[in-house]
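Engineer: What follows is a predicted structure for the sequence shown.
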Amino acid sequence: MNFPIVEFPWFGNGNIVALIAIIHVLISHGVAIGATAIVVSTEYYAMQTKNAKLDQLAKQMTKWIVIITTTIGAMTGVGIWLSTMVIQPDSIGSLLRIFFWAWVTEWVIFIGEVVLLLIYYYTWEKWKEGRKKQKHLNIGITLSIFSWLTMAIITGILAAKLTPGRWMETLSFWNAFFNPTYLPSLAFRTFLAVTLTISLFTIFVRLFVKDEDVRPQLFRIFSIWGAISLPATFVFGLWYLKSIPEQAAKLIVWSTGLPEQTFNVLNIFAFVLIVVFLAWLVIRPKKLPIVLALAMFVSAIGFIGEFEVVRESVRKPYIIYNYMYVNGITKAKAEAMNREGYLAHSTIAKVKEITDENKLEAGREIYLGQCLACHTIDGWRSKRALANRLDGWSQETIKSFIPNMHNVRPMMPPFVGTEEELEALAAYLYKVVNEQN
Amino acid sequence: MHVLQLAIPPDFPLPIPGNLSLLEFLIVLTFLLHIVFVNLTISLANGAIALEGVGMIKKSKRLDDMARICSFHASVHKSIAVVLGVAPLLIISVIYTQYFYTSTLLIGKAWLSIIILLITSFLLLYLYKFSWEKWENKKGLHFIVGLIASAILLFIPFIFIVNIVSMLYPEKWETANGFFHSIVHYPQIWQRYAHFILASLAAGGFYMYFYFTWKQKKQTLSDVEQTLKIGGVKVTFWITLLQLVFGSLLLMSFRRDVMLLFMGDDLLLTTLLLTSILLTIVLCALLYVAMKKDTPKWFYASIACFVLIVALMGWMRHEVREAYLQPYMDEYPRTFDVQKENVQPIK
């Protein structure tokens, strides 16, 4: 506990980051990456078939890519920085020390991407014929590569949080970046992006593109992409799944908060839905039901939400696997903290030496430092609200549970600290829980 | 100095990733790129509503047209400003972690509110820009939309300034109580804010001068554009003169030993300051000529002057921070070589 703590007592600290991240992933994958690839292929197809209307439709879609990525996309991207600093300073600060230059590179490429996107959009009418059109298309292809590259870099960092691999021994950047889940997760995300775009955009095309000369054409392009991306997402998803640590894999179903059966039914249903949807696009592109398109839209958002929550959650109790726990305590430091005291090692702790008078205050500081990352006292996620989980527990029971909590619930990090600190935490929790109830 | 029980955390055991001088150079450079676009966004958005407001009172179509041009430019610069902000944020996070993270977390909720404030303001700016014709008969509503967007833009700098000032005063962290209290708690906040807003106005004016002089080389300007160009020069001229006063006020608000560094105690810093004052006076002279004669003759000289002044300001700003933090650096060293024992658990 080296930095001041910001508490979101009801909403829960972890949920803040999750909310911003989900929106950002929807936009970066679904709009910036997937949609760009689809728009560029639409332009190419329109060129081949000399379909001027389809070409204009591709331009229209590009306009939306511009608006969405430069506002909500860019802002949530910056928002991830602003929020992780506040919620997980130890983890993001450490990751920055490891991956600084990767992030700088990503930033430079992102600027290139925005510039290319603007050029691509604003030269659409100027570079219309012959060689110029080819040049315009090449810009689009370069743009697609750039937007994919930003993902290729960020994926290295995200994957390292789950599987830092040999980094723990070598402390080498390259070992951290090209870690065991890098390739599978990159492959998975690449095709996921395309699948996501198709699922998100179809409803808008269905509702707002009335022209029968272009809509079926566009849906044809969607279905060709879908025929590649859907099986690929599935196959690479399995590869990804196989490559994550066993302990993490066990937590997947649990992470969603759903009973196993519901989880299976929902995911199978979603899979069947997307197969039906793609088949429909291929067979009867002219008569795609609005409900089906809408269902795809909703389930795509649901799936990304699920994916993000699971990806963040299976890493528990770690935030950087085997290195740092979710509450910012590093494994390497835990030993010393057990010996010399957690509070003694916490810069901002007001209590260093526990007495009868300051016991409750000490307990609160330990709660903030070690439990707040995942728990609230009270709040909408009742499974994480301690007032709910500890209801009816005696102070003694609480005290004997805490030192074993990482064994009983492997998603929790071990408690660190001295006997007196344990006592203080138990006393504090017992008090607030009973005040709350 | 007594720095023993301060809440400055130990640095992370993982090393700062790169040569410190290089990172310092990059932070000055990327921060300047970022802040110039922030300046333009703030001044052009506020310029737009000021012109529109006066235009409504005077029933002047010309002022309204001028306002519209400003709003268009503001909306382009805002996107650039945000994107360019990421690099300095990353660098300050890695080289001043112990100070910057703490100061950020002390105002954590205000800091998070930036996301919502910016999105709101940006969406309103789009609405403002795109509804100019549609809401011709709802001028009041249109004006209010712009006003809210601009007011938010005027507020956000407080959050950044509080953060960046508070990181310089670890001994005041203990008694700080949230964002609003911090505005009055720390020294220099108002001085920095005034200096910054004036700089924004000057940059906005200069941008108009720059943009339309450049455009004039290719085509003749319309009457409205010509007025904006000369107006821009005037704004820059007067504001820059004022800046000599407000810059001095800011200097006087520094901790005494830091202030004195710029007043003889340190040769380099004193030279930097004197050079910047000299250049400011030269710039004003050049602008005065441009204002009276409307000749493009000194155009490039004034651009060079402007760029140099901005560069000097960025450099001095960095040196101020270094000077403030110097006393703590020995006691709370940064990590340059990995502390293996604190990274790899003993087996």
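Structural biologist: Arrived safely.
Engineer: interface residues of the stretch 301-437 of chain A facing chain B?
Structural biologist: A:Tyr323, A:Thr330, A:Lys331, A:Ala332, A:Lys333, A:Ala334, A:Glu335, A:Thr347, A:Ile348 (Cβ under 8 Å from any Cβ of the partner chain). Quick note: C-beta positions are derived from backbone N, CA and C, even for glycine.
Engineer: these two touch, right, B:Thr104 and B:Asn163?
Structural biologist: Yes - the pair B:Thr104 / B:Asn163 is scored as a contact, 5.7 Å apart, by Cβ atoms under 8 Å.
Engineer: what touches both of those two?
Structural biologist: B:Trp111 (Cβ atoms under 8 Å, 6 or more residues apart in numbering or on different chains).
Engineer: If I look at B:Phe12, what pLDDT would I see?
Structural biologist: Looking at B:Phe12, its pLDDT reads 96.
Engineer: For the spatially most central residue of chain B, identify the helix or strand it belongs to.
Structural biologist: Geometric centre of chain B, nearest residue: B:Ile35, 4.4 Å, by Cα atoms, centre = their mean. Assigned by DSSP states H and E, B:Ile35 belongs to helix B:20-58.
Engineer: buried residues in that helix?
Structural biologist: B:23-24, B:26-53, B:55-56 (16 or more other Cβ atoms under 10 Å in any protein chain shown).
Engineer: filter those residues down to the ones near chain A?
Structural biologist: Okay, of the buried residues of helix B:20-58, nothing touches chain A (Cβ under 8 Å from any Cβ).
Engineer: what about A:Gly226, how many neighbours?
Structural biologist: Other residues near A:Gly226 number 25, with proximity taken as other Cβ atoms under 10 Å in any protein chain shown.
Engineer: Excluding chain neighbours, what is closest to it?
Structural biologist: A:Leu278 (4.6 Å; Cβ to Cβ, 6 or more residues apart in numbering or on different chains).
Engineer: On the pLDDT front, check the one you found for me.
Structural biologist: For A:Leu278, the predicted pLDDT is 92.
Engineer: re the thing from before, more neighbours: B:Thr104 and B:Asn163, which one.
Structural biologist: More neighbours surround B:Thr104 than the other of B:Thr104 and B:Asn163, with 26 against 21 (other Cβ under 10 Å).
Engineer: so which strand or helix has B:Lys297?
Structural biologist: Counting by DSSP H and E, B:Lys297 is part of no helix or strand.
Engineer: and the residue nearest to A:Gly226, what does it touch?
Structural biologist: A:Ser223, A:Gly226, A:Ala227, A:Leu230.
Engineer: B:Val233 reaches B:Val289, doesn't it?
Structural biologist: No - taking contacts as Cβ under 8 Å, B:Val233 lies outside contact range of B:Val289: 9.6 Å.
Engineer: tell me the contacts of whichever residue of the stretch 101-250 of chain B sits closest to chain A?
Structural biologist: At 3.2 Å from chain A, B:Gly108 is the closest residue in the stretch 101-250 of chain B, using Cβ to the nearest Cβ. Residues near B:Gly108 by Cβ under 8 Å, 6+ apart: A:Pro4, A:Val6, A:Val86.
Engineer: what kind of secondary structure is whatever residue of the stretch 301-437 of chain A ends up closest to chain B in?
Structural biologist: At 4.1 Å from chain B, A:Thr347 is the closest residue in the stretch 301-437 of chain A, using Cβ to the nearest Cβ. Counting by DSSP: H, G, I helix; E, B strand; the rest coil, the backbone at A:Thr347 sits in coil.
Engineer: What residues does it make contact with?
Structural biologist: By Cβ under 8 Å, 6+ apart, the residues touching A:Thr347 are A:Met1, A:Asn2, A:Phe3, B:Ala7, B:Ile8, B:Pro9, B:Pro10.
Engineer: What does the pLDDT read for it?
Structural biologist: 92.
Engineer: before we move on, what about B:Leu4?
Structural biologist: 46.
Engineer: Please point out which parts of the helix or strand encompassing A:Ile268 sit buried.
Structural biologist: A:Ile268 belongs to helix A:260-283 when elements are defined using DSSP H and E. The neighbour-count check on helix A:260-283 (16+ other Cβ under 10 Å) flags A:Phe263, A:Leu266, A:Ala270, A:Ile274, A:Phe277, A:Leu278, A:Trp280, A:Leu281 as buried.
Engineer: Also stretch A:9-26?
Structural biologist: Buried, per 16+ other Cβ under 10 Å, within stretch A:9-26: A:12-26.
Engineer: gap between it and the chain center?
Structural biologist: Put simply, stretch A:9-26 sits 9 Å off its chain's centre (Cα atoms, centre = their mean, to the nearest Å).
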